[in-house]
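>>> Kindly generate the corresponding structure for this input.
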Amino acid sequence: MIEARRLSVLLARLKRATSPHPTNLPHRVTSFIGREREISAVTGALVPGRLVTLTGAGGCGKTRLAIEVAERRLPDHGDGVWLIEFGALSRPELATGAVVSALGLTGDPTRPPLDLLRDHLVTSNALLVLDNCEHLLEACGDLVAGLLATCPGLHILATSREALRVPGEQLFAVPTLSVPPSASLASSEDSGESEAVRLFVDRARLVRPDFQLTAGNAEAVNKICRRLDGIPLALELAAARAQSLSAEEIAQRLDRRFQLLTGGPRTMPRHQTLRALIDWSYEQLEDKEQAVLRRLSVFPGSWTLGAAEAVCAGERIADWEVVDLFCRLVDKSLVEHDADASASSGKARYRMLETVRTYARDRLSEAGEEPDAWRRHRRYFSSLALEAEPHFAGSEQGTWFTRLETDLDNIRAALAACMDDEAGIEMGLVMAAALREFWEVRGHWSEARQIFQRLLAHPMTRDRLSHARGLALSAAAHMAWYQSELDQAHVLNEECLTIARQILDEPLMARALSGLAILASDRGQYERARSLYEECLSIRRRLGDARAIATILNNLGDLAMNEGDDPRSLALYEESLSIRRQHGIIRGIGVSLSNLSGVLIRLGELERAREYAEECVPILRKLGETSRVADALHNRGLLEFREGRLEEARGSLSTALEIRRDLVDRHGLIHSCEAFSHLAAATARPRLAAQLLGAAEGIRTEVKLILHPGNQRELGPLIESLRQTLGHEPYEAERTRGLGLGWHGAVPAIAAWNTDDDVLTNWQG
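Below is the predicted model:
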């Protein structure tokens, strides 16, 4: 049966991979039973309406119905169908960020996330599926109202136990599955028409393949379905008992145990019925099984068996006992295998249904075990971060980045737990700093900055924990630099350097010196940058840190390129690449190859540049190095431009621009504007070229970056050519128009490129 399930998952993934419709909907692992009338009704409501909210009690199947409807709507939404799960979120302010993350966008701390979503969705006909809104009702209502007011083509399908109370909202109460109308329908043929019976039988066969609906057990099955009111989750939990109990035995236990269900008024809230079922399932567990279930509730998303062992062991449960207890919970359907997370991470992962997790969390609190469980949780994921850090340089980097991405919900929860407990602040600082390269490579810049800000603001970090604070300061400075917050990055690096000198921590000192050198180079302070790099290099050579030595040599190559000394830049990049190849520093190899292709293009050595450009892109893509992939594609576009392949150049440059837009990479946007300016001039669009030069200049001013001599040498001939073509005053007029675009306007301006050479006419900003 396990092999059959695995095959089912693989086939589903193959189908999804070949689908022309963009989506993140989960792959179906079990069959979808019935609901054809509901699907038709909800689909029909979504056609004229833009917001439909599925309401109903916990466990009634709102989520599964929403996903099924969304799956069938895929062909109608060319911009994608996206599922956003709010169940793991604990605070209302995280709701908008969850949508930003699901759509693959990166927030900018200088702008509200809602504005980023509006910009992205303003012309979209996407369908958003917002799941489990009830505990974030006000936040979700405000988010939905804001999006619908400004994004006319957007449709939203929400699930919630209550209405969002947003203008234009259409409510659809999700009924339970149809049940046999009376005990007189005892035949297997008549019972099989009931959706609840079909679901029960289907799920019973998962745990007992020979289970059949027969004349002998039909009455008992009917009774189970009626007593459980056709609630899908309740039916699935009950069906799991078919592994060891007959239908008659299950029905008998329901009769005796569920007084609330069988004897209570018909108007009672259905969530009480579901809780009664979970109460019953919980009370059937042994004491140690109950303890494991309670402790697993601290995982906000999925988890591995190793993580479960670390969190659940202790307090009367030995390490060796956890696996057996855990497997029993899986067998009883209180814990389920997460097929999607397992497939993406390559490792078996598990999760709880949200209703079960919430129930178990309440029990954890009642037992007084919550603080200890969270301490074990944060200790495990802190250790995971520290274990991962050394692997960020080698051949396993991509594997570790994927593992961390899969555990991102747990990492966030562990860091939040560190912030909520003074005893965990040092752990949080070290953990967040250890993940610096992960935050950087996977584009989590804004989120990382917010985490560092909260950790560094804690009073404890100002009085003690100097080494841990220094690590966090250095990492926070790096994230600030990535988002062009140069002043903030400078302040953070200076404080890091002060701490490092006070405690005589040479590795920390080298980090701060390198950060300050990068900032000095960006500001045109080349001699100061070189001095800082040389001091840093001396420390790294003394420590014998080959990886860091290669990085500094690469950065010195950047400095030489900024100064316009391309031959020296080439030599430094080659020396850095040699060290990185020698030590198998995979990410560094990709970066060096990208940088080498860029400088070789400037030197006119196009054949060598092509060799390096073709080698670096797959390396960086495999690692998920989003921003560096954009740099490599940008260089490919420049190479194609130099070779006269203008359409290919436009395609490569456009792809790089899209990535930089999503990352809010303002450094990269400057280079994109300048590259498109060259392309515009080459395609007889001088006004467009002048406007884009103005846009690049405006962004530079906005983020306080100078025009380096190396860049000036590249742009000088273009500017002179445009002045001759347009005339001095017309050129200045168009450049001034481009200045007003800023980085917010430059991207949609380039995206509006067509036969008209006036960016500001094309851009409906």
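
>>> centre of the chain versus stretch 155-162, how much separation?
The gap between the average C-alpha position of stretch 155-162 and the chain average comes to 22 Å, counting by C-alpha atoms, centre = their mean, to the nearest Å.

>>> Buried ones in it, by neighbour count?
Of the residues in stretch 155-162, those with enough neighbours to count as buried (16 or more other C-beta atoms under 10 Å) are 155-161. Backbone N, C-alpha and C define where each C-beta goes, glycine included.

>>> which residues touch it?
Here stretch 155-162 makes contact (C-beta atoms under 8 Å, 6 or more residues apart in numbering) with 42, 46, 50-58, 62-63, 66, 69-70, 77, 125-134, 137, 140, 144, 147-148, 164, 271.

>>> Could you list which of the residues you listed belong to strands?
Counting by DSSP state E, the part of the contacts of stretch 155-162 found in strands is 51-55, 127-131.

>>> hang on, the earlier thing: export the buried residues of stretch 155-162 as TSV, with columns for distance to Leu657.
Conversion of those to TSV gives the following (distance: C-beta to C-beta, whole Å):
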residue	distance to Leu657
His155	28
Ile156	29
Leu157	32
Ala158	33
Thr159	36
Ser160	38
Arg161	43
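
>>> can you put those in a markdown table and add pLDDT?
Formatted as a markdown table, the entries for the buried residues of stretch 155-162 read as follows, by pLDDT from 0 to 100:
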| residue | pLDDT |
| --- | --- |
| His155 | 96 |
| Ile156 | 96 |
| Leu157 | 96 |
| Ala158 | 96 |
| Thr159 | 93 |
| Ser160 | 88 |
| Arg161 | 77 |
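
>>> Just flag the most distant two among these.
Spatially, the most separated pair among the buried residues of stretch 155-162 is His155 and Arg161, at 21.5 Å (C-beta to C-beta).

>>> what's the lowest-pLDDT member of the ones in strands among the contacts of stretch 155-162?
Summarising pLDDT for the ones in strands among the contacts of stretch 155-162: the lowest-scoring member is Thr55, with 84.

>>> hey, what's that residue bridged with?
When assigned by DSSP bridges, Thr55 has beta-bridge partners Ser160, Ala173.

>>> And it, how far from Arg161?
Look at Thr55 and Arg161: by C-beta to C-beta, to the nearest Å, they are 6 Å apart.

>>> Then Arg650?
Arg650 sits 50 Å away from Arg161, taking C-beta to C-beta as the criterion.

>>> what do you get for Ser178?
When distances are taken as C-beta to C-beta, Ser178 and Arg161 turn out to be 22 Å apart.

>>> Just give me the neighbour total for Leu154.
23 (other C-beta atoms under 10 Å).

>>> okay, the nearest residue to it once chain neighbours are set aside: pLDDT?
Nearest in space to Leu154, with sequence neighbours left out and distances taken as C-beta to C-beta, 6 or more residues apart in numbering, is Leu121 at 5.3 Å. If you check Leu121, the pLDDT there is 92.

>>> Check whether Leu121 really touches Cys151, as I assumed.
Yes - with contact taken as C-beta atoms under 8 Å, Leu121 and Cys151 are classed as touching, separated by 4.3 Å.

>>> Gly698 reaches His744, doesn't it?
No - Gly698 lies out of contact with His744 (C-beta under 8 Å); the separation is 10.3 Å.

>>> Give the other helices and strands that the one helix or strand Ser521 maps to contacts.
Secondary structure assignment for Ser521, by DSSP states H and E: helix 506-522. For helix 506-522, the packing partners by 3 or more C-beta pairs under 8 Å, 6 or more residues apart in numbering; DSSP states H and E come out as helix 466-482, helix 486-503, helix 526-543, helix 546-563.

>>> how deep is the closest residue in space to Glu321 that isn't next to it in sequence tucked in, by neighbour count?
By the measure of C-beta to C-beta, 6+ apart, the closest residue to Glu321 outside its immediate chain neighbours is Lys288, 6.7 Å from it. The number of residues packed near Lys288 is 18, by other C-beta under 10 Å.

>>> Lys288 touches Leu325, doesn't it?
Yes - counting by C-beta under 8 Å, Lys288 does reach Leu325; the two are 5.6 Å apart.

>>> which neighbours do those two share?
Ile317.
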